[in-house]
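S.K.: starting from these lines, generate the structure:
(2 chains)
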Amino acid sequence: MIYFDSAATTMQKPKCVSRAVAHAIDRMASSGRGDSSASLSAAEVMFQCRELAAELFGVPDPARVVFTLNATHALNIAIRSLVKPGDTVLISGYEHNAVSRPLAAIPGLHVRILDTPLFDATSFLNQLDAELEHGVDVVICTHVSNVFGYILPIEELAARCARWNVPWILDASQSAGTLPLDMTRLQAAFIAMPGHKGLYGPQGTGLLLCAGEADPLLYGGTGSLSAQQEMPDFLPDRLEAGTQNVSGVAGLLQGLQFVRQKGEGEILRHEQMLRRIMARGLFELPGVQVFAAEDDTRQTGVLSFRVVGHDCEDIGAFLSRHQVAVRTGLHCAPLAHKSADTQETGTVRVSFSVFNQTQQVGRFLALMRGYLS
Amino acid sequence: MLQYLIMCRSVTYAQKVVQTLERAGIRCRMIRSPSAISPSGCSYSVRIAQKDLSTVLTLLYRFRLPYVGIYVGSSEAGYREVEL
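M.R.: Numbers count the residues shown, from 1 in each chain, chains lettered A, B, ... in the order given. Now for the predicted structure:
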């Protein structure tokens, strides 16, 4: 199979990831729940993973790295902690439902959307300035659009939020593992990310990096302060109720080590190279509209396209019959499609990982040429 | 045998203490806190030798590592908090 759906999850992982998961299933018990070697080795893996994540993402204290099920879980905790009924929340026009749905569930919220054109960072920042001046309680922004690979100007956003003293949440679902992320420098209140995409961990893993206070989404046993009925007031226990996904975290640790060894910059360069070849090839095909940034540095290894007169779902089904995995439709991000004016048709999205090769792009283009001829 | 225990509020905090002490060349071990010193329920402690107590206290202070208390004793004789 040619797998071009890494923006959903990186299906191909380094071999060490599955080995670590299997080892943990065979040998490890519940972390923080006992004194046996099986429990202590589980705790050791959890701690090593926290530490490495803290090092990679500029978190000053590994206790501020919280394990979650996925980025959506992490975003729900962050949003529930920071956003209160009646608040005015500013979000980008490229947010995933993982942000917009939790906001829609909070009563009396005033959600303002930065409705700016695709790949236009200048408009984004101009409108951001105007909104901040108008008064905002919380800002939530994705680092990279999951549909278009558009890299939003979050460093500039961070500086503006700091100037206006507005707390903000970063959704790093599409950037963790490919773009530099430094919690301390960005001064975000929370950064949420999946473990199973650019960090090459197993599904069922995610991370929430916390700068300050946070409220639990789940309540239950933590292996600490068991005699009291309130959740502990310290991290990570406050946000990690119940038995943790030790085998998943063991795999995630290997994924993080792989990313560190390979280098985020190198991974990004490879994925961008594939995206450029794909975009050039698609541009040559009749009736194909490709969503590529003029400024190449504003786009990751994610590329959307659509074909005049062809349903995206038909293209996806055709590719699937030829053992090519892509993602079609609205990609759980109707806001992004509205911003790019593609909400009526959706798009076909191809997204790369470090394991994809140039020849696979060539095969894809040959298939598309055949489909359209 | 007398042992000194640095009681921490969770396994993660105990691990941070262990890591700091080991990096400084101090032998230590993370264990479950004896129930006699852990009235709030489950917690972990870091066991150290008496000779290292002064250095350990310096490191805890220098690296701002939070702990619940420091105890001395044994499972047979019981534990008492070390007053600092």
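S.K.: going forward, measure contacts and count neighbours with C-alpha atoms only.
M.R.: OK.
S.K.: and stretch A:146-156, how far apart are its ends?
M.R.: Stretch A:146-156 has an end-to-end distance of 20 Å (Cα to Cα, to the nearest Å).
S.K.: ok now it, how far from the chain's centre?
M.R.: Here stretch A:146-156 shows a centroid-to-chain-centroid distance of 11 Å under the convention Cα atoms, centre = their mean, to the nearest Å.
S.K.: who's in contact with that stretch?
M.R.: Stretch A:146-156 has contacts (Cα atoms under 8 Å, 6 or more residues apart in numbering or on different chains) with A:7, A:96, A:118-119, A:121, A:125, A:141-145, A:173-174, A:186, A:291-293, A:297-304, A:330-331, A:333, A:336-337, A:349.
S.K.: now the helices for the chain?
M.R.: Just going to use chain A. Ranges of helices in chain A, per DSSP state H, are A:15-27, A:37-56, A:71-82, A:97-104, A:121-134, A:154-164, A:183-186, A:246-262, A:264-283, A:312-321, A:334-339, A:358-372.
S.K.: please refer instead to chain B.
M.R.: Counting by DSSP H, one finds helices in chain B at the ranges B:11-23, B:53-62.
S.K.: winner for burial among those?
M.R.: Each of the helices of chain B was scored by mean neighbour count; the highest is helix B:11-23, a mean of 20, by mean count of other Cα atoms under 10 Å in any protein chain shown.
S.K.: and the angle for it with helix B:53-62?
M.R.: Computed by axes from the mean of the first three to the mean of the last three Cα atoms, to 10 degrees, the angle separating helix B:11-23 from helix B:53-62 equals 120 degrees.
S.K.: does anything pack onto helix B:11-23? Which helices or strands?
M.R.: helix A:37-56, strand B:28-32, strand B:44-48, helix B:53-62 (3 or more Cα pairs under 8 Å, 6 or more residues apart in numbering or on different chains; DSSP states H and E).
S.K.: neighbours of A:Thr345, how many?
M.R.: A:Thr345: 18 surrounding residues under other Cα atoms under 10 Å in any protein chain shown.
S.K.: how about the residues of chain A near chain B?
M.R.: For chain A, the residues in contact with chain B (Cα under 8 Å from any Cα of the partner chain) are A:32, A:34-35, A:43-44, A:47, A:63, A:223-228, A:236-237.
S.K.: contacting residues around the closest residue to A:Ala336 other than its chain neighbours?
M.R.: Nearest residue to A:Ala336, sequence neighbours excluded (Cα to Cα, 6 or more residues apart in numbering or on different chains): A:Tyr94, at 4.1 Å. Counting by Cα under 8 Å, 6+ apart, A:Tyr94 touches A:142, A:145, A:333, A:335-337, A:339.
S.K.: by neighbours, which of those wins?
M.R.: Counting by other Cα under 10 Å, top hit in the contacts of A:Tyr94: A:Ser145 with 29 neighbours.
S.K.: could you report the pLDDT at the nearest residue to that residue once chain neighbours are set aside?
M.R.: Leaving out its chain neighbours, the residue that sits closest to A:Ser145 by Cα to Cα, 6+ apart is A:Tyr94, at 5.7 Å. pLDDT recorded at A:Tyr94 is 98.
S.K.: ok, now which ones touch the residue nearest to A:Gln174 when sequence neighbours are not counted?
M.R.: For A:Gln174, ignoring the flanking residues on the chain, the nearest one in space by Cα to Cα, 6+ apart is A:Val144 at 5.5 Å. Listed by Cα under 8 Å, 6+ apart, the contact set of A:Val144 reads A:150-152, A:172-175, A:300.
S.K.: and whichever residue of chain B sits closest to chain A, how many residues sit next to it?
M.R.: Nearest to chain A, among the residues of chain B, is B:Gly41, at 4.5 Å (Cα to the nearest Cα). When neighbours are defined as other Cα under 10 Å, B:Gly41 has 17 of them.
S.K.: picking up where we left off before, and of the contacts of A:Val144, the nearest to chain B?
M.R.: Nearest to chain B among the contacts of A:Val144 is A:Ala172, at 24.7 Å by Cα to the nearest Cα.
S.K.: partner residues bridging the nearest residue to the closest one once chain neighbours are set aside?
M.R.: Once flanking residues are discounted, A:Ala172 sits nearest to A:Met193: 5.0 Å by Cα to Cα, 6+ apart. In this entry, A:Met193 is beta-bridged to A:Leu207, by DSSP bridges.
S.K.: hang on, A:Met193 packs against A:Ser173?
M.R.: Yes. Counting by Cα atoms under 8 Å, A:Met193 touches A:Ser173, with 4.6 Å between them.
S.K.: give the residues shared as contacts by the two.
M.R.: Joint contacts of A:Met193 and A:Ser173 (Cα under 8 Å, 6+ apart) are A:Ala71.
S.K.: just the pLDDT for residue 11.
M.R.: In the absence of a named chain, this looks at chain A. What the model reports as pLDDT for A:Met11 is 96.
S.K.: the chain in question should be chain B.
M.R.: Reading off the model, B:Val11 has pLDDT 95.
S.K.: which residues of chain B lie near chain A?
M.R.: So chain B meets chain A at B:9-13, B:15, B:31-32, B:39-43 (Cα under 8 Å from any Cα).
S.K.: what residues are up against the nearest residue to B:Ile70 once chain neighbours are set aside?
M.R.: Of all residues not flanking B:Ile70 in the chain, B:Ile6 sits nearest, at 4.6 Å (Cα to Cα, 6+ apart). When contacts are counted by Cα under 8 Å, 6+ apart, B:Ile6 touches B:45-48, B:67-71.
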